[in-house]
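Trainee: here is a sequence together with a model predicted from it:
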Amino acid sequence: MAVYEIGNYIHDMRVERGYSQEELCFGICSVGNLSKIENGIRMPNRKTVEAFIQRLGCRDVFLQYSSREEMQQTELCSQIVQKITNYEREGLAELVDRFEHTIAEEDILNSQYCRFTRIILKQMEEKNWAQGLKELEETLKMTKPDGIGLKEVLKGLLTYNEILILISIARNYRKLGQKEEAIEILQGVKHYMDTHIMDRTEKVQKYLLVLFQLSRLYLDKQQYEKTVEVCDQGIAMSKENNRFWLFPRLFINKGLALLGLNENVQAKEALQRGYCAFYVLGNEKQCQRLKTFLKENWDIELKSNIF
């Protein structure tokens with residue numbers, strides 16, 4: 001795709017959606033650089049184009065690889081996401097190291113993503129939520145500079161990296177017992193995704209994560225009806241879009257909420273479905289953990305033979 005065509009597309013989509021140059025490029029590049037990109041004078045790298053398109057809510061059908069390094073970065077990102085999604089620590093640090101070695105010093109967007117993954121890896125090992133929260137907020141400031149509070153951040157345009165960082169910040173607030181702050185952030189992210197056009201695949205992945213985190217918070221606060229509501233929403237979205245990585249956990253949270261409502265028959269059915277989903281996904285470790293947890297805390301026996 002020609003330089004002019006990329007810049008022209010960004011310009012047209014920005015004007016169509018009613019955003020100023022300042023809103024679109026904030027924290028990514030200067031207004032002058034964006035103007036040069038839109039006018040075909042400067043060729044942006046792939047990550048910068050991705051960031052603009054994500055903030056505009058467009059599909060990335062126009063993106064192409066301009067170098068072997070960009071192809072390598074995309075492949076490494078895919079492998080990193082898969083490991084984080086499956087809570088796999090083995091080999092994750094090595095992948096992040098390899099990814100970091102491909103990043104140019106001035107590449108703020110890939111540097112932000114690399115820093116984010118290192119924080120997630122560190123939290124998997126140390127579970128220092130307070131330190132992690134501080135580091136996540138500093139990472140967000142790489143594209144949302146000092147003086148911009150979380151409420152202001154949610155009023156602006158967001159890249160997918162920024163959305164993931166905000167969800168992780170909310171998770172850390174929950175771990176630290178600051179549940180209202182966590183709910184406020186997640187509801188803000190949910191509202192952003194409801195009101196901004198996003199690529200459907202990316203939206204579903206992040207929306208499910210928000211619903212899951214909200215279900216845990218509502219469960220912690222013993223708001224069982226709300227827990228069931230967001231779990232049902234997440235379960236339906238998972239089915240509609242064939243995205244099942246949070247499917248078992250949504251059923252489990254729904255089952256625990258139903259136990260809180262004394263709907264024991266429905267609760268056991270939901271918990272059994274969660275167990276079956278873990279089994280089908282090949283996560284036998286989580287199957288055993290769930291069986292042990294329910295037996296010790298609720299005296300509930302789940303069927304091991306699901307077929």
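Mentor: Everything's here; your move.
Trainee: quick check: closest non-adjacent residue to K190.
Mentor: V210 (5.1 Å; C-beta to C-beta, 6 or more residues apart in numbering). For the C-beta atoms, the positions are set from N, CA and C on the backbone; glycine is no exception.
Trainee: can you count the residues close to that neighbour?
Mentor: Look at V210: counted by other C-beta atoms under 10 Å, it has 23 neighbours.
Trainee: before we move on, what about G282?
Mentor: 10.
Trainee: quick one, longest helix in this protein?
Mentor: Ranked by residue count, the top helix of the chain under DSSP state H comes out as helix 200-220.
Trainee: any weak-confidence spans in this protein?
Mentor: Residue ranges of the chain with pLDDT under 70: 1-4, 59-68, 146-148, 305-307.
Trainee: domains for it, by residue range?
Mentor: Listed domain ranges for the chain are 3-56, 67-198, 224-307 (source: automatic domain parsing).
Trainee: to S215, which of these lies closest?
Mentor: Smallest distance to S215 across the domains of the chain (C-beta to C-beta): 4.4 Å, for domain 224-307.
Trainee: what residues does the following helix or strand past the longest helix of the chain touch?
Mentor: The helix or strand immediately downstream of helix 200-220 is helix 224-241, counting by DSSP states H and E. Helix 224-241 is touched from outside by 200-201, 204, 207-208, 211-212, 214-215, 218-219, 243-244, 246-247, 250-251, 253-254, 256-258, 260-261, with contacts defined as C-beta atoms under 8 Å, 6 or more residues apart in numbering.
Trainee: buried residues, helix 224-241. List them.
Mentor: 224, 226-231, 233-235, 237-238 (16 or more other C-beta atoms under 10 Å).
Trainee: can you check stretch 165-178 too?
Mentor: 165-175.
Trainee: same question, stretch 256-269
Mentor: Here stretch 256-269 shows 256-260, 263, 267-268 as buried, counting by 16+ other C-beta under 10 Å.
Trainee: try stretch 196-211
Mentor: Neighbour counts using 16+ other C-beta under 10 Å place 198-199, 202-211 of stretch 196-211 among the buried residues.
Trainee: farthest-separated two in these?
Mentor: D199 and L211 (18.1 Å).
Trainee: tell me which residues touch the spatially most central residue of the chain, please.
Mentor: For the chain, the residue whose C-alpha lies nearest the mean C-alpha position (C-alpha atoms, centre = their mean) is L164; its distance is 3.7 Å. L164 sits next to 116, 206 when contact means C-beta under 8 Å, 6+ apart.
Trainee: can you tell me the SS state at it?
Mentor: helix (DSSP: H, G, I helix; E, B strand; the rest coil).
Trainee: do the same with E90
Mentor: E90 ends up coil, using three-state DSSP.
Trainee: quick one, phi psi at it?
Mentor: The phi/psi pair for E90 (degrees, to the nearest 10) reads phi -60, psi 120.
Trainee: same check, this time on Y19
Mentor: The phi/psi pair for Y19 (degrees, to the nearest 10) is phi -100, psi 140.
Trainee: and it, how far is that from Y218?
Mentor: 34 Å (C-beta to C-beta, to the nearest Å).
Trainee: of those two, who's got more company?
Mentor: Using other C-beta under 10 Å, the more surrounded residue of Y19 and Y218 is Y218, with 22 against 16.
Trainee: that one and T48: what is the separation?
Mentor: Counting by C-beta to C-beta - Y218 and T48 are separated by 38 Å.
Trainee: quick one: the helices in the stretch 1-150 of the chain?
Mentor: 3-17, 21-25, 31-38, 46-56, 68-85, 92-100, 108-126, 129-140, 150-155 (DSSP state H, counting those that start in this stretch).
Trainee: how about the ones you listed, which one is nearest A277?
Mentor: helix 68-85 (14.8 Å).
Trainee: give the other helices and strands that the closest one contacts.
Mentor: On a contact count with 3 or more C-beta pairs under 8 Å, 6 or more residues apart in numbering; DSSP states H and E, helix 68-85 meets helix 46-56, helix 92-100, helix 108-126.
Trainee: in the first one, which residues are buried?
Mentor: The one in question is helix 46-56. Buried-residue list, helix 46-56, by 16+ other C-beta under 10 Å: 46-56.
Trainee: those into CSV, with extra columns for distance to T102?
Mentor: Formatted as CSV, these follow (distance: C-beta to C-beta, whole Å):
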residue, distance to T102
R46, 12
K47, 11
T48, 15
V49, 17
E50, 15
A51, 17
F52, 21
I53, 21
Q54, 20
R55, 23
L56, 26
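Trainee: which of the residues you listed sits closest to V153?
Mentor: R55 (12.4 Å).
Trainee: that's all I had, so thanks and see you.
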